[in-house]
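*Asks:* Below: sequence and its predicted model.
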Amino acid sequence: MRVFAKPGHAVLQAAAEWYVQLQAENPTVQQLQGFEDWLHADASHRRAWARVQKLEQQFGLLPVDVALPALRDARAKRRAVLKVMALLALTSPAGWLAYEQLPWRAMAAEYTTATGERRQVTLADGGSLFLNTSTALDVDYNERQRLLRLHDGEVLIETAPDAVQRPFLVQTRHGLVQALGTKFSVRVASDETQVSVLQHAVEITPTKGQSTVRLQAGEQASFNAEQTGSIQTLSPYHDAWMRGMLMAVDQPLGEFITELARYRPGILRCDPAIAHLRVSGAFRLADTDEALKNLVATLPIQLVYRTRYWATLTPLS
């Protein structure tokens, strides 16, 4: 029996690009000929395309939005290609479940920021989004609701009045947050979502929870899929990142480094032996190296580099 190798990443990407291109527009004769040439150039191309066809038969169009005219936009096309690639990478019987759990949604999100990047987005209704570092989200406005799907990271939201009074919702992997005419932030991690309210109020409903919790201005709480934690008072420096600053007031060094690492490419760690040391000050997010130098100058610690992008704070030798 002859065993064929699975198509590699480059071949799957090419198959996804051809699929999106052929679905998103009326292909020309030249494009159709180009596809035929690619298809017959190598057996791996035909195996990759067979996988496309099999998935299309199983689940319908891959995904539905690849056929929209909006895919004339280069970014939209790229997102569609990433979505198709995520499906093509799955070959096990549990493939569809894996598809739902893989981070392709974040990879192909409509709005994203890189590590250390911050970005503002104006919504169709006049509201504003302020994306913090390493954030990925999609915006879905329809006749029934205004929905943000926050896949990763943190976003601060200023809602605007809606003429037809559609609810404004933020969905994360842990549940739903509904704005009640407000300014608030949502930060999602693997195990929980944190909500902080700057103005008015929001309601939190965990995916599997039995009750809804309301937060008022000046309050914050974290929730997972089952329940919402205790309500806490919001720090006055909660939104300092919007001004490019990271504030610390008698904060344990370990916690501070975990926060600083969000804005720094690579790996930044703190030795548990010094994690209890206290940090106070204002640090510029645009220069994390300067922040680390300030810590080394004021605390009995040293910075040890394994590589340029792998640094650890350790006790002073």
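*Replies:* Yes, it's here. Numbers count the residues shown, from 1 in each chain.
*Asks:* what's the distance between Glu36 and Pro27?
*Replies:* Remark: distance between Glu36 and Pro27 (C-beta to C-beta, to the nearest Å) = 11 Å. Where C-beta positions appear, they are placed from N, C-alpha and C, glycine not excepted.
*Asks:* ok, now how distant is Val279 from Thr207?
*Replies:* 35 Å.
*Asks:* quick one: which of those two has more around it?
*Replies:* Regarding Val279 and Thr207, a neighbour count based on other C-beta atoms under 10 Å identifies Val279 as having more, with 21 against 14.
*Asks:* neighbour count winner among Glu36 and Pro27?
*Replies:* Taking neighbours as other C-beta under 10 Å, Glu36 and Pro27 compare with Pro27 leading, 15 against 10.
*Asks:* would you say the more buried one is within a strand?
*Replies:* No: counting by DSSP: H, G, I helix; E, B strand; the rest coil, one finds Pro27 to be coil, located in no strand.
*Asks:* Roughly how far does it sit from Val20?
*Replies:* Distance, Pro27 to Val20, using C-beta to C-beta: 11 Å.
*Asks:* mind checking the SS state of the closest residue to Glu110 other than its chain neighbours?
*Replies:* Distances taken as C-beta to C-beta, 6 or more residues apart in numbering place Asp138 nearest to Glu110, at 4.7 Å, with adjacent residues excluded. Recorded secondary structure, Asp138: strand (three-state DSSP).
*Asks:* give the contact list for Asp138.
*Replies:* Residues in contact with Asp138, defined by C-beta atoms under 8 Å, 6 or more residues apart in numbering, are 105, 109-111, 148-149, 151.
*Asks:* which among the residues you listed end up buried?
*Replies:* Buried by 16 or more other C-beta atoms under 10 Å: 105, 109, 148-149, 151, out of these.
*Asks:* Identify the farthest-apart pair in those residues.
*Replies:* Farthest pair in the buried ones among the contacts of Asp138 (C-beta to C-beta) is Arg105 and Leu148. Separation: 12.8 Å.
*Asks:* which element is Gly34 on?
*Replies:* Using DSSP states H and E, Gly34 sits in helix 29-41.
*Asks:* For stretch 212-228, what does the pLDDT average out to?
*Replies:* Averaged across stretch 212-228, pLDDT comes to 95.
*Asks:* Report the buried residues of it.
*Replies:* 213, 215, 219-224, 227-228.
*Asks:* what about it, start to end distance?
*Replies:* From its first residue to its last, stretch 212-228 covers 8 Å (C-alpha to C-alpha, to the nearest Å).
*Asks:* for that stretch, the distance to its chain's centre please.
*Replies:* Its chain's average C-alpha position is 21 Å from that of stretch 212-228, according to C-alpha atoms, centre = their mean, to the nearest Å.
*Asks:* List the contacts of it.
*Replies:* Here stretch 212-228 makes contact (C-beta under 8 Å, 6+ apart) with 173-175, 180, 182, 184, 191-209, 229-234, 238.
*Asks:* Could I get the full set of helices for the stretch 1-150 of the chain?
*Replies:* Taking DSSP state H, counting those that start in this stretch as the criterion, the stretch 1-150 of the chain carries its helices at 9-24, 29-41, 43-59, 74-88, 95-101, 104-107.
*Asks:* Of those, which shows the lowest average pLDDT?
*Replies:* In terms of mean pLDDT, the lowest-scoring of the helices of the stretch 1-150 of the chain is helix 95-101 (a mean of 44).
*Asks:* hmm, back to that, list the residues that contact both of Pro27 and Val20?
*Replies:* With C-beta under 8 Å, 6+ apart applied, the contact sets of Pro27 and Val20 do not overlap.
*Asks:* Report how many residues lie close to the residue nearest to Met85 when sequence neighbours are not counted.
*Replies:* Distance criterion C-beta to C-beta, 6+ apart; nearest residue to Met85, sequence neighbours excluded, is Ala16 at 4.6 Å. Here the number of neighbours of Ala16 (other C-beta under 10 Å) works out to 24.
*Asks:* follow-up on the earlier one: nearest to Pro161 among the contacts of Asp138?
*Replies:* Using C-beta to C-beta, Leu148 comes nearest to Pro161 of the contacts of Asp138, at 17.0 Å.
*Asks:* Which helix or strand contains the residue lying closest to that closest one once chain neighbours are set aside?
*Replies:* Excluding the flanking residues, the one nearest Leu148 by C-beta to C-beta, 6+ apart is Val170, at 4.7 Å. Counting by DSSP H and E, the element that carries Val170 is strand 168-172.
*Asks:* quick one: that strand to chain centroid distance?
*Replies:* Put simply, strand 168-172 sits 14 Å off its chain's centre (C-alpha atoms, centre = their mean).
*Asks:* Please list the residues outside stretch 114-122 that contact it.
*Replies:* 111, 113, 128-135, 241-242, 244, 262-265, 285-286, 288.
*Asks:* tell me the domain boundaries of the chain?
*Replies:* 9-107, 111-233, 244-315 (automatic domain parsing).
*Asks:* Can you tell me which helix or strand of this protein has the lowest average pLDDT?
*Replies:* Using mean pLDDT, DSSP states H and E, helix 95-101 stands out as the lowest-scoring helix or strand of the chain, at a mean of 44.
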